[in-house]
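>>> Sequence plus the predicted model coming up.
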Amino acid sequence: MKLHEYEAKEIFKEYGIDVPKGFVTSNKIEKIEGPVVIKAQVLVGGRGKAGGVVFAHTVEEANRKIEKLLNSSIKGEKVEKVLVEEKLPVKKEYYLAIVVDRVEKKPLILFSTEGGVDIEEVARRNPEKIVKYYVDPLREFLPYMARVMLKDHGLPSQEIVKIADVIYKMYKLFREMDATLVEINPLVVTEDGRVVAADGVIHLDEDAYFRQDYTRFEEYRKRENLPFAYVELDGDIGVIGNGAGLTLASMDIIKEYGGNPACFLDIGGGASEDVVKKALEKVLERENIRGVFINIMAGITRCDEVARGIVEVLKNHPDVKVSVRMMGTREEEGRKILRENGIPLEDSIEKAAKKLIEMLEE
Ligand code: GDP
Ligand code: MN
């Protein structure tokens, strides 16, 4: 589960890592104290390049930019909140992260003086610029270990002490919260010598739900309320099925015909019209969705319920391309409903997938 930047920074603060002064909001603001940076709170990387990080010097300018961001999407994700923070006087930008290395089966700390930019790019071009340190998960991680990791890379000694302190606190957070990723990019050294987390990414391990209380986080609460299983993916074709296996197979077949799934959505067994409705609405929430593939093998699920749910949602989305394959319980009634509403229905999974891809190519 991914945390928003403002949530990650709240946690950093709790662990004693310095973060910029600021607040999160969905509204206009009344005043600012000096220049600010305004940041879209969306769960995608590279917001800076996509226009999701902007600066303002007056309250009018800030409000104009806040309004613009709140009415926009960054990489297909609607902006519902922005973070307004003091603009840091940046002297240097470093990269810092802790990940789980699945091959070594250990936490891996990564540090680079080439911060702020795309770290994958640094890894490709200047791999020697990334310092790596594996932590023995069975032993205590001590502050001197972080200092050892940072020495011999040309950093001034005051910086080594301060950054090592951030690493120590990050690792404590990583372990205590069952994180799978903690990233600070950039970790900023300011003109006046502060070391501040200017950005923050935290991913939490969903297998740790049983021993953690993640209810304070936005994504957790959103997910808890969904009456189906939903995993967001990078593509632009929504995939809905009933049963995990069938939904995965549906994703495969979309890929096979040249499409790219935007999600895995399993409505489960016996889904009502209302669940189908919510599912399709969830898929269409994202603006980059070009089409939706719906694949249902009805046992305890009823085709007529599914069809009614689809029809209800498509009334509000007349332009979206949908292709359905549906069989089993109440198939005839379901087919009739779809036919009467002009929704394409095929009797095999291949035909339905092919049909959708063809419609999208037109
Ligand atoms: P990302 O693009 O989603 O990773 O968003 P970031 O929070 O990392 O912001 C993108 C870039 O904006 C950073 O790499 C910085 O160069 C710049 N930036 C962010 N906050 C500040 C700030 O307070 N002061 C200055 N001068 N630059 C900032
Ligand atoms: Mn960043």
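It's in. Ligands and ions are numbered 1, 2, ... in the order given.
>>> what's the closest non-adjacent residue to Pro143?
Here the nearest residue to Pro143 in space, its sequence neighbours aside, is Tyr168; by Cβ to Cβ, 6 or more residues apart in numbering that works out to 4.7 Å. C-beta here means a position set from N, CA and C on the backbone, and glycine is covered the same way.
>>> Wait, that neighbour touches Arg147, no?
No - using Cβ atoms under 8 Å as the test, Tyr168 is too far from Arg147 to be in contact (9.2 Å).
>>> What helices and strands are in contact with the top helix by length along the chain?
When the chain is parsed with DSSP state H, its longest helix is helix 157-176. Helices and strands touching helix 157-176, by 3 or more Cβ pairs under 8 Å, 6 or more residues apart in numbering; DSSP states H and E, are helix 5-14, strand 90-101, strand 106-112, helix 143-150, strand 179-190, strand 195-197.
>>> Restricting to C-alpha, output the worst-scoring helix or strand of the chain on mean pLDDT in CSV.
Of all helical and strand segments in the chain, the minimum by mean pLDDT, DSSP states H and E falls on helix 218-224, at a mean of 83. Taking C-alpha atoms only, helix 218-224 is exported to CSV below (Å, rounded to 0.1, in the frame of the first residue of the first chain):
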residue,chain,number,x,y,z
GLU,A,218,-6.1,7.3,3.2
GLU,A,219,-5.5,4.4,0.8
TYR,A,220,-6.3,1.9,3.5
ARG,A,221,-9.7,3.4,4.2
LYS,A,222,-10.5,3.7,0.5
ARG,A,223,-9.6,0.1,-0.1
GLU,A,224,-11.5,-1.2,2.9
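>>> residues in contact with it?
1-4, 7, 43, 214-215, 230 (Cβ atoms under 8 Å, 6 or more residues apart in numbering).
>>> how about a cut-off of 7 Å?
With contacts defined as Cβ atoms under 7 Å, 6 or more residues apart in numbering, helix 218-224 is touched by 1-2, 4, 7, 214-215.
>>> Stretch 57-66 now?
Stretch 57-66 has contacts (Cβ under 7 Å, 6+ apart) with 28-29, 31-32, 35-36, 38, 54, 56, 82, 84.
>>> Export it to PDB, keeping only CA atoms.
Taking Å, rounded to 0.1, in the frame of the first residue of the first chain, the C-alpha atoms of stretch 57-66 are listed here in PDB:
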ATOM      1  CA  HIS A  57       5.500  33.900  -4.200                       C
ATOM      2  CA  THR A  58       2.300  35.600  -3.300                       C
ATOM      3  CA  VAL A  59      -1.000  34.300  -1.900                       C
ATOM      4  CA  GLU A  60      -2.800  35.200  -5.100                       C
ATOM      5  CA  GLU A  61      -0.400  33.300  -7.200                       C
ATOM      6  CA  ALA A  62      -0.600  30.400  -4.800                       C
ATOM      7  CA  ASN A  63      -4.400  30.300  -5.000                       C
ATOM      8  CA  ARG A  64      -4.400  30.500  -8.700                       C
ATOM      9  CA  LYS A  65      -2.000  27.500  -8.900                       C
ATOM     10  CA  ILE A  66      -3.800  25.500  -6.200                       C
END
